[in-house]
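>>> Here is a sequence together with a model predicted from it:
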Amino acid sequence: RPRPRGPPPSPMAPSTRLKLLALFSLSALVILAFRLGSNIQFTWYLRKDAPYCSIPPDVAADTEAFSKAALRALEDLGIPHFLSYGSLYGAIRREGPLPWDNDVDVGIIMPDGSRGAAAHREWLPKIAAAFGPAFDVEYQSWGGFYRVAHRTVRADLMIWTPRGDSMRRDSVEYHIFRWNHDTFHTFPARLVALPLPFLPFGDQMWPVPHEGLEIMKYHYPKDWWKEVKPPNCQREDGEKDAAAAAAPAPAPA
């Protein structure tokens, strides 16, 4: 004998449908915002004015002091290192820092496969001791780098780790903004395979990645070949060009 059927399911209440629609819309907006944000290049000088457009003498002297200390410290610790980002542009194009760059960018590859914030914090006292008391050194797990400060100069020692055939930043930020890092902060490991070539950076010779600007195609895929200046330096160049154009032509001899 057939079982008696229960009452038919009640239709979804309008308020429940609205809540589900609102939740779906909010989730879609969050995913879209995250995806768009992950495609933004976060280079500071694309967004704000530089403190100067030509390196002052005191900053040049402090940069030279940092350069000497960093090479000595990293070599003593046996940490492979190389110029990266804006500092690599400076070495290739100007044999020194870019005139408007107020920090030094150095890539490092930690020995013994050290990974994760806990391992990098263990290295902090060693790195600080190698630099010496004239330098302030701290570890920042979010960005995955050691920040070294000396008077007017700041430098970031950015930690790279091999993952298969690629190098990636070892940071908390990488795990949250994975798409962004895969777009701007991942490159083939062959570009930093030892031994590395050297280029002048001020009065010092620094290791640099192989193949010149090839690595920049991964950091700045949309304009890696350009020299992009901060907004105030672009305005300064425009004012100089306008003044030169308005100047009267020299009288014929």
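Looks like it came in fine. Please read all numbers here as calculations on a predicted model, not as lab measurements. Numbering: from 1, shown residues only.
>>> Test my guess that residue 189 contacts residue 165.
Yes. Under the criterion of C-beta atoms under 8 Å, residue 189 lies in contact with residue 165, with a separation of 5.6 Å. All C-beta spots, glycine's among them, are computed from the backbone N, C-alpha and C.
>>> Give me the common contacts of the two.
Taking C-beta atoms under 8 Å, 6 or more residues apart in numbering as the criterion, residue 189 and residue 165 do not both touch any residue.
>>> These two: who's more crowded?
Neighbours per residue, other C-beta atoms under 10 Å: of residue 189 and residue 165, the larger number sits with residue 189, 16 against 8.
>>> By residue count, tell me the biggest strand in the protein.
Across the chain, the strand with the greatest residue count (assigned by DSSP state E) is strand 153-163.
>>> Strand 153-163 and whichever helix or strand residue 87 is part of, what's the angle between them?
Under the criterion of DSSP states H and E, residue 87 resides in helix 85-94. Per axes from the mean of the first three to the mean of the last three C-alpha atoms, to 10 degrees, the angle that helix 85-94 makes with strand 153-163 is 100 degrees.
>>> Just list what helix 85-94 packs against, helices and strands only.
Here helix 85-94 touches strand 81-83, strand 103-109, strand 198-201, helix 216-219, going by 3 or more C-beta pairs under 8 Å, 6 or more residues apart in numbering; DSSP states H and E.
>>> what's the closest of the ones you listed to residue 124?
In terms of C-beta to C-beta, the element of the helices and strands packed on helix 85-94 nearest to residue 124 is strand 103-109, at 12.9 Å.
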